[in-house]
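Peer 1: after the sequence you'll find the predicted model.
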Amino acid sequence: MTEKVKSKSVPKKILITFGIILGILIIALLLNFERIQRLYRVINLFNPDIIVQNFRTMGDKFDSRTIHRGGDVFTFKRDIKKLPDGYTFKGKNRSVNSFIEHTGTTGLIVIKDDTILFEQYYRGNTESSKAISWSVAKSFVSALFGIAVAEGYIKDINQPVTDYLPSLKSSGYNGVSIKNVLQMSSGVRFNEDYGDFNSDINRMGRYFALNMPLADFVASLKAERKPGTFHHYVSMDTQVLGMILRAATGKTLSEYTEEKLWKPLGMESDAYWLIDSSGMEAAFGGLNVTLRDYARFGRLYLKNGNWNGKQIIPETWCKASVTPDAPHLMPGKRSNASWILGYGYQWWIPENPDGDYLAIGIYGQAIYVYPRYNIVIAKTSAYSDYNKDGEDMEIESIEVFRAIARNLGR
């Protein structure tokens, strides 16, 4: 005979406890679902399989504020030309088309004065795609800052930032002048390495993903060097500039951009700026714009801040923005800077400058201005190998832009 085995029932008290724990976990998951989703999006933002799509749909993934265009659009003329075949880099002749392909280019436009000489879209982007600017946004912030100074909102760029942001007195920004911040010479400790999971820039990204105020992250940064002595790229320097603009003008960065740039310049499309949980724009790189509107902004600087007879940005500010005025800001290899390019007010100056300058965004974004040839080039990209050789690619892009400008600007 087989003996009957009695089944042991789980005590009711344990089942109730388990149910309570499970319920708490489910509630916690539901309450934090948006945070978890945002974190997942940030972690996968640069995934090679989806980076192109991500860069043109940032507004679908994160909160944003719209910058509305005005009623009158400034229209470019068109005289389409062929790009030059080649350029020289590191002593070797290379192909322009190969560079465009290799760097994950999603849009390229070349204008001379008021005329489009070349315009092409790639990898599914179109003329209506709003492409993420990344650090190209920093040059827009510089323009807004120049306007705010002219309007009297900012009294003097030699003032300490804490005159406008007293909440930063306990941070590395205490006592740092606005000018030092404009020139990426704040002396604040910051690791901008996108390839390092634990770098400050990636910690900030996760902070943003978890929907925490960027101002709190900025306030946590500490000093490393004496301000105004060393050029070290710190994206949060631009975030501080954006915070100052908001405090001084009483307007959001998007509102001020719309009023002072988008409508006066006759931009053809709405843009948008990513915002954090407090409603503050990601000033350091969250602007999303169509390619032709990037070119319009470049044209504004080509004309030294003048737009069809109206001075939008003071000419003196435009010139100061692209003119290094201290040894640590001069282009070329030097011991008091972390990179070979020179720097102004949120604009880069190439080695062996010929009056040209540019805005640079990570993963291949750029606005390049070459006044000698009256040329502006805007490029959007999704270069998935950036962490491998991104800085070298950015230096190479300058030679590509120079070759295009000298060929089409004749």
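Peer 2: Great, that's in hand. Residues are numbered from 1 along each chain as shown.

Peer 1: can you give me the helices for the stretch 201-350 of the chain?
Peer 2: 214-219, 235-249, 253-257, 291-302, 315-321 (DSSP state H, counting those that start in this stretch).

Peer 1: let me have those helices in CSV, extended by mean pLDDT, mean neighbour count and distance to Asn174.
Peer 2: Where C-beta positions appear, they are placed from N, C-alpha and C, glycine not excepted. Below are these laid out as CSV (pLDDT from 0 to 100; neighbours: other C-beta atoms under 10 Å; distance: least, C-beta to C-beta, whole Å):
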stretch, mean pLDDT, mean neighbour count, distance to Asn174
helix 214-219, 96, 19, 10
helix 235-249, 98, 24, 12
helix 253-257, 98, 23, 23
helix 291-302, 98, 23, 32
helix 315-321, 98, 18, 25
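
Peer 1: quick one: contacts for Gly63?
Peer 2: Just so we're on the same page, residue 63 is Asp rather than Gly. Leu274, Ile275, Asp276, Ser277 (C-beta atoms under 8 Å, 6 or more residues apart in numbering).

Peer 1: residues touching the first one, list them.
Peer 2: For Leu274, the contacting residues are Met58, Gly59, Phe62, Asp63, Ser64, Glu281, Ala282, Gly286, Leu287, Asn288, by C-beta under 8 Å, 6+ apart.

Peer 1: the helices of the stretch 201-350 of the chain into JSON lines, with extra columns for distance to Lys155?
Peer 2: Converted to JSON lines, these look like this (distance: least, C-beta to C-beta, whole Å):
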{"stretch": "helix 214-219", "distance to Lys155": "22"}
{"stretch": "helix 235-249", "distance to Lys155": "9"}
{"stretch": "helix 253-257", "distance to Lys155": "17"}
{"stretch": "helix 291-302", "distance to Lys155": "25"}
{"stretch": "helix 315-321", "distance to Lys155": "15"}
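
Peer 1: out of these, which gets nearest to Leu108?
Peer 2: Evaluated over those, closeness to Leu108 peaks at helix 291-302, with 7.9 Å, by C-beta to C-beta.

Peer 1: circling back to that earlier point, distance to Phe208 and pLDDT added to the contacts of Leu274, as a markdown table?
Peer 2: Formatted as a markdown table, the contacts of Leu274 follow (distance: C-beta to C-beta, whole Å; pLDDT from 0 to 100):
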| residue | distance to Phe208 | pLDDT |
| --- | --- | --- |
| Met58 | 12 | 95 |
| Gly59 | 15 | 93 |
| Phe62 | 8 | 91 |
| Asp63 | 10 | 93 |
| Ser64 | 12 | 97 |
| Glu281 | 12 | 98 |
| Ala282 | 7 | 97 |
| Gly286 | 9 | 97 |
| Leu287 | 15 | 98 |
| Asn288 | 15 | 98 |
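
Peer 1: of all these, which two lie farthest apart?
Peer 2: Longest span within these, C-beta to C-beta: Asp63 and Leu287, 14.1 Å.

Peer 1: strands of the stretch 301-410 of the chain, residue ranges please.
Peer 2: 306-307, 310-311, 342-343, 348-349, 357-361, 365-370, 375-381 (DSSP state E, counting those that start in this stretch).

Peer 1: and the fifth one, what does it pack onto?
Peer 2: Under the contact definition 3 or more C-beta pairs under 8 Å, 6 or more residues apart in numbering; DSSP states H and E, strand 357-361 sits against helix 137-150, strand 348-349, strand 365-370, helix 386-408.

Peer 1: I'd like the ones you listed as JSON lines, with mean pLDDT and distance to Arg123 appended.
Peer 2: Shown next, in JSON lines, are the helices and strands packed on strand 357-361 (pLDDT from 0 to 100; distance: least, C-beta to C-beta, whole Å):
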{"stretch": "helix 137-150", "mean pLDDT": "98", "distance to Arg123": "21"}
{"stretch": "strand 348-349", "mean pLDDT": "98", "distance to Arg123": "25"}
{"stretch": "strand 365-370", "mean pLDDT": "98", "distance to Arg123": "14"}
{"stretch": "helix 386-408", "mean pLDDT": "97", "distance to Arg123": "16"}
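
Peer 1: coming back round to it: relative to Gly205, which of the strands of the stretch 301-410 of the chain is closest?
Peer 2: Comparing the strands of the stretch 301-410 of the chain by C-beta to C-beta, strand 357-361 comes nearest, at 14.9 Å.

Peer 1: chain center to the closest one: distance?
Peer 2: 10 Å (C-alpha atoms, centre = their mean, to the nearest Å).

Peer 1: what's the answer for stretch 287-303, then?
Peer 2: The answer for stretch 287-303 is 14 Å, by C-alpha atoms, centre = their mean.

Peer 1: Pro371 versus Gly355, what's the distance?
Peer 2: 5 Å (C-beta to C-beta, to the nearest Å).

Peer 1: of those two, who's got more company?
Peer 2: Pro371 (18 against 11; other C-beta atoms under 10 Å).

Peer 1: buried deepest among the strands of the stretch 301-410 of the chain, which one?
Peer 2: strand 375-381 (a mean of 28; mean count of other C-beta atoms under 10 Å).

Peer 1: and the contacts of it?
Peer 2: So strand 375-381 is in contact with 55, 103-112, 125, 129, 131, 291, 294-295, 298-299, 301-302, 363-370, 397, 401, 404-405, 408-409, going by C-beta under 8 Å, 6+ apart.

Peer 1: one more pass at 7 Å, please.
Peer 2: When contacts are defined by C-beta atoms under 7 Å, 6 or more residues apart in numbering, strand 375-381 is touched by residues 103-112, 125, 131, 291, 294-295, 298-299, 302, 363-369, 401, 404-405, 408-409.

Peer 1: what's the first helix or strand after the helix or strand containing Gly59?
Peer 2: Element membership for Gly59, per DSSP states H and E: helix 58-61. Tracing the chain C-terminally past helix 58-61 and defining elements by DSSP H and E, one meets strand 64-67 next.

Peer 1: check the offset of that following strand from the chain's centre.
Peer 2: 15 Å.

Peer 1: packing partners of it?
Peer 2: Counting contacts by 3 or more C-beta pairs under 7 Å, 6 or more residues apart in numbering; DSSP states H and E, strand 64-67 is packed against helix 253-257, strand 271-274.

Peer 1: to Val136, which of these lies closest?
Peer 2: strand 271-274 (12.0 Å).

Peer 1: buried residues, that closest one. List them.
Peer 2: Ala271, Tyr272, Trp273, Leu274 (16 or more other C-beta atoms under 10 Å).

Peer 1: chain neighbours aside, what residue packs nearest to the last one?
Peer 2: Looking back up the chat, that one is Leu274. Gly286 (3.3 Å; C-beta to C-beta, 6 or more residues apart in numbering).
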